[in-house]
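K.L.:
any chance you can model this:
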Amino acid sequence: MTDPSTTQPATTTPATERAPAALLFPDLDAELEATRRILERVPDGQDDWRPHEKSMTLGELASHVAELPGFAVMMLTQDEVDFDPPGPSPSKLQTTAERLATFEKLSGELRDLIGGLTWDRAFGEWQMRIGGKVVLSGARAELVRRMGLTHIAHHRAQLGVYLRLLGVPIPGSYGPSADDVPPRG
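P.N.:
Residues are numbered from 1 along each chain as shown. Model prediction:
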């Protein structure tokens, strides 16, 4: 039996001494992996399909998802961006292989940048302008989380609906999907 009077208390590292990546982005790898798995399922040859006339096409949405880590990379490497004219340039990605290659490249850059993020840089201000007008401003890490990772998860879910409507089995993101669970009976 251990004598409690001789046992050293557990020490904890104060949050400010831990790397921003560990505290602010502990789910980064899981989110990127879930996104890669759904991008793998996008069928080639159906890029013009859309569930509604106001919706993006399958190709536009899949390319947007594949390129979104690049937006977070931009937030981590620049202090501001001005989209003038508004909106990103149209994607040139046309196949699942091209989208996956782009996603892997940008995800690798994002992992490296977040891994090297300092507290000063994390809390430094970042701004997005459209035609010179500030439309988004705040702490870099918060915006990377919201406009990078959460934005990816939002469009990943949207892509899952598209694939479901096309009859493509959906991989799970936060546990098994309905396609991962065998039917009861």
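K.L.:
who's in contact with L93?
P.N.:
Neighbouring residues of L93 by C-beta atoms under 8 Å, 6 or more residues apart in numbering: G59, A62, S63, A66, E67, R99, T102. C-beta: built from backbone N, CA, C; applies to glycine.
K.L.:
I meant P20, not that one.
P.N.:
Contacts of P20 by C-beta under 8 Å, 6+ apart are I114, L117, T118, W119, A122, A141.
K.L.:
rerun that using 10 Å as the cut-off
P.N.:
Residues near P20 by C-beta atoms under 10 Å, 6 or more residues apart in numbering: I114, G115, G116, L117, T118, W119, D120, R121, A122, F123, R140, A141.
K.L.:
E60 reaches G87, doesn't it?
P.N.:
No - here E60 lies out of contact with G87, judged by C-beta atoms under 10 Å, at a distance of 11.9 Å.
K.L.:
in terms of neighbours, single out the busier of these two.
P.N.:
E60 (16 against 7; other C-beta atoms under 10 Å).
K.L.:
which non-adjacent residue is nearest that one?
P.N.:
S91 (7.1 Å; C-beta to C-beta, 6 or more residues apart in numbering).
K.L.:
one more: D179?
P.N.:
Nearest to D179 is P169, by C-beta to C-beta, 6+ apart, at 3.8 Å.
K.L.:
and the one helix or strand R129 maps to, what other elements does it pack with?
P.N.:
Assigned by DSSP states H and E, R129 belongs to strand 125-130. Applying 3 or more C-beta pairs under 10 Å, 6 or more residues apart in numbering; DSSP states H and E, one finds that strand 125-130 contacts helix 58-77, strand 80-83, strand 133-139, helix 140-143.
K.L.:
returning to what we had before: which among the contacts of P20 count as buried?
P.N.:
Buried by 16 or more other C-beta atoms under 10 Å: I114, L117, W119, A122, R140, A141, out of the contacts of P20.
K.L.:
I figured the second one was touching V73, is that so?
P.N.:
No - distance between L117 and V73: 11.9 Å, which falls outside the contact criterion (C-beta under 10 Å).
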